[in-house]
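**Q** model the structure of this input:
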Amino acid sequence: MAVTRIVANLRAPDPMSLAKFYRDVFELELPFDMGWIAFLSTDSTQKIELHTASEGGSGTELPVISIGVDNLDDAEAAVRAAGAKVVYGPVGEKWGLRRFFFRDPADNLVNVVDS
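**A** Modelled structure (predicted):
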């Protein structure tokens, strides 16, 4: 057996509204909307990862998802412009990552990492 993908599902009272937030901030495509669920994607290929953790690192709360970006400063600016609150960072962590956390409109804690 080979795992072909792992998908994050974010709880949202209004899935389409939250999907539009992520589409606008991270320039994702919105290929599918059923009302109760909306799919966001890109054409890029990615490796499959599943992390297990007791905290988010540096004593922080565990985020529900992590999003890797090629420009952390641009991502932070887009998150702030969309009205989301940055609650941690940006910070260069001792293990070599630069990142920040924000709360999305559905109050999910999201980790954005310079990859």
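
**Q** who touches the strand ranked longest in the chain?
**A** For the chain, the longest strand by residue count, based on DSSP state E, is strand 85-92. Strand 85-92 is contacted by residues 56, 58, 60, 72-73, 76, 79-80, 98-103, 109 when judged by CB atoms under 8 Å, 6 or more residues apart in numbering. From N, CA and C alone the C-beta is placed, and that goes for glycine too.

**Q** regarding the residue nearest the centre of the chain, what is its secondary structure?
**A** Nearest to the geometric centre of the chain sits I67, at 4.0 Å (CA atoms, centre = their mean). Following DSSP: H, G, I helix; E, B strand; the rest coil, the label given to I67 is strand.

**Q** next up, the contacts around it.
**A** Per CB under 8 Å, 6+ apart, neighbours of I67: 26, 75, 110-113.

**Q** just the ones in helices from those residues, please.
**A** 26, 75 (DSSP state H).

**Q** which pLDDT does the model give the residue nearest to the centre of the chain?
**A** I67 carries a pLDDT value of 94.

**Q** tell me where the model's unsure across the chain.
**A** 1 (pLDDT under 70).

**Q** which stretches of it form helices?
**A** Under the criterion DSSP H, the chain contains helices at 15-26, 72-81.

**Q** now the ones you listed in TSV, with distance to V7?
**A** TSV is the format used below for those (distance: least, CB to CB, whole Å):
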stretch	distance to V7
helix 15-26	13
helix 72-81	21
